[in-house]
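A.B. asks: Structure, please.
(one chain, ligands or ions: 1)
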Amino acid sequence: MRQGLEGSVGAGPMQASPELERTVAEIVDASRILAHEGIIDSFGHVSARHPNSPGHYLMPRTRAAELVGAEDILIFDLDDALVSKSEARIFAERSIHGAIYRARPDVVAVCHHHAPQMMPFCTSDAELVPVFHLGATMGATVPLWDSQDEFGDTNLIVSTRQQGDSLARTLGANWTVLMRGHGATVAGRSVRELTFRSIYGARNADVQLKAAQVGTLRRLTAAEAVAASDFNLTPFAMDRAWEQWTRRVRGADEP
Ligand SMILES: [Zn+2]
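C.D. replies: All right, here's what the predicted structure looks like:
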């Protein structure tokens with residue numbers, strides 16, 4: 001899989017291992033699933049913390065998520081420096097990923113996207129709230145980060161350590177953070193959890209928008225949101241969805 005790593009010595013982040021191979025495969029699957037489900041298009045990206053070296057993370061080179069393969073996955077340290085020997089173009093927005101891994105030792109995977117369902121909540125004063133049980137996996141509270149507050153007029157891309165750290169502070173202990181005029185960033189304790197949360201967070205936004213058109217919005221209570229999220233983020237529910245989603249992107253004849 002990772003050509004040229006066979007001769008590496010010691011247990012550094014470049015050391016080939018079954019865990020590393022599995023994590024790379026999950027990033028590839030998650031990238032393709034999130035593209036297939038309409039969460040990521042030509043823009044947006046998925047990363048995961050290195051399974052054997054928590055001070056590093058894995059992220060694709062700049063490429064549309066639907067096209068990402070194992071050969072595209074690169075290794076970065078938590079200062080967002082490229083560790084892999086590669087000339088490939090890398091995402092400026094890796095600053096989002098590194099900042100969250102630095103701030104949140106419990107986070108194993110991060111997705112940044114601009115899903116169309118989320119955008120009304122990134123571009124208005126309407127609050128995104130859990131309105132149904134699966135949607136609650138986005139988190140009971142979804143804060144909004146506004147780059148204007150600390151950085152004034154920018155191109156809205158999070159491309160510096162300071163901007164990433166600011167975003168991570170607004171995310172706080174939550175799992176999804178909206179970015180004013182830009183999109184959303186989601187965190188997970190596994191790649192599967194991240195994928196589930198990203199998809200159902202966007203579906204929650206869609207349901208909320210439609211509910212508000214037909215009547216008075218009835219949101220979940222905070223306690224309902226926590227209980228429903230806990231229930232749906234068990235392997236029992238997540239693995240069922242993961243099996244279906246991976247089957248769709250791999251084709252029926254592949255495991
Ligand atoms: Zn973006």
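
A.B. asks: Enumerate the positions of the helix or strand residue 35 falls within that are buried.
C.D. replies: Using DSSP states H and E, residue 35 maps to helix 18-36. By 16 or more other CB atoms under 10 Å, the buried positions in helix 18-36 come out as 20, 23-24, 26-36. The C-beta positions use only the backbone N, C-alpha and C, and glycine is treated the same way.

A.B. asks: backbone phi and psi for residue 177, please?
C.D. replies: phi -130, psi 130 (degrees, to the nearest 10).

A.B. asks: Could you pull up the contacting residues of it?
C.D. replies: 142-145, 167, 170-171, 184-185 (CB atoms under 8 Å, 6 or more residues apart in numbering).

A.B. asks: ok, now residue 78?
C.D. replies: Contacts of residue 78 (CB under 8 Å, 6+ apart): 55-57, 98, 101-102.

A.B. asks: need the strands for the stretch 151-255 of the chain, in chain order.
C.D. replies: 176-179, 183-188 (DSSP state E, counting those that start in this stretch).

A.B. asks: Double-check that residue 59 belongs to a strand.
C.D. replies: Yes: the assignment for residue 59 (DSSP: H, G, I helix; E, B strand; the rest coil) places it in a strand.

A.B. asks: pretty sure it contacts residue 95?
C.D. replies: No: using CB atoms under 8 Å, residue 59 is not in contact with residue 95; the gap is 11.3 Å.

A.B. asks: The two: which is more packed in?
C.D. replies: residue 59 (26 against 21; other CB atoms under 10 Å).

A.B. asks: what are the bridge partners for the more buried one, then?
C.D. replies: Here residue 59 sits in beta bridges with residue 74, going by DSSP bridges.

A.B. asks: Which helix runs longest in the chain?
C.D. replies: Secondary structure assigned by DSSP state H gives helix 191-214 as the longest helix of the chain.

A.B. asks: And that one, what does it pack against?
C.D. replies: helix 18-36, strand 45-49, strand 109-113, helix 119-122, strand 183-188, helix 235-250 (3 or more CB pairs under 8 Å, 6 or more residues apart in numbering; DSSP states H and E).
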